[in-house]
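K.L.:
Any chance you could fold what I've pasted below:
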Amino acid sequence: MPIVVNLDVMLAKRKMSMNELSDKVGVTLANLSILKNNKGKAIRFSTLEALCEVLDCQPGELLEYIKEGNKGE
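P.N.:
The predicted structure is shown next:
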């Protein structure tokens, strides 16, 4: 999938656990795990906004576009 969610990177930078993020954002741990493991097919803007608010970041810091041919690079 060309869109990668860098949730694990942002959690590490903010020294925050998935449980803490789940509580603060109001998204289940299961749904955050789907995002973190790049298994999600979509994300609501309201969820993205909440993640950015809690993690104090921009959407571009969470989402990254990677061309299909560049996965191994």
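K.L.:
just checking, what packs against the lengthiest helix in the chain?
P.N.:
Ranked by residue count and defined by DSSP state H, the top helix of the chain is helix 45-55. Packing partners of helix 45-55 (3 or more C-beta pairs under 8 Å, 6 or more residues apart in numbering; DSSP states H and E): helix 7-14, helix 18-25, helix 59-62. The way it works is simple: take the backbone N, C-alpha and C, and place the C-beta from them, glycine included.
K.L.:
Next, the angle helix 18-25 makes with that helix.
P.N.:
110 degrees (axes from the mean of the first three to the mean of the last three C-alpha atoms, to 10 degrees).
K.L.:
What count of nearby residues applies to Gly32?
P.N.:
Rather than Gly, residue 32 is Leu. 21 (other C-beta atoms under 10 Å).
K.L.:
again, but for Val54
P.N.:
18.
K.L.:
Same check on the one 5 residues further on?
P.N.:
A total of 12 residues lie near Pro59 under the criterion other C-beta under 10 Å.
K.L.:
Helix 7-14 and the longest helix of the chain, what's the angle between them?
P.N.:
Going by the same axes, to 10 degrees, helix 45-55 makes 30 degrees with helix 7-14.
K.L.:
how about helix 45-55 as PDB, C-alpha atoms only?
P.N.:
Output in PDB follows, covering the C-alpha atoms of helix 45-55 (Å, rounded to 0.1, in the frame of the first residue of the first chain):
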ATOM      1  CA  PHE A  45     -10.600  13.300   9.000                       C
ATOM      2  CA  SER A  46     -12.000  13.600  12.600                       C
ATOM      3  CA  THR A  47      -9.700  10.800  13.700                       C
ATOM      4  CA  LEU A  48      -6.800  12.300  11.900                       C
ATOM      5  CA  GLU A  49      -7.500  15.600  13.500                       C
ATOM      6  CA  ALA A  50      -7.700  14.100  16.900                       C
ATOM      7  CA  LEU A  51      -4.400  12.200  16.400                       C
ATOM      8  CA  CYS A  52      -2.700  15.400  15.300                       C
ATOM      9  CA  GLU A  53      -4.100  17.300  18.300                       C
ATOM     10  CA  VAL A  54      -3.000  14.800  20.800                       C
ATOM     11  CA  LEU A  55       0.400  14.100  19.200                       C
END
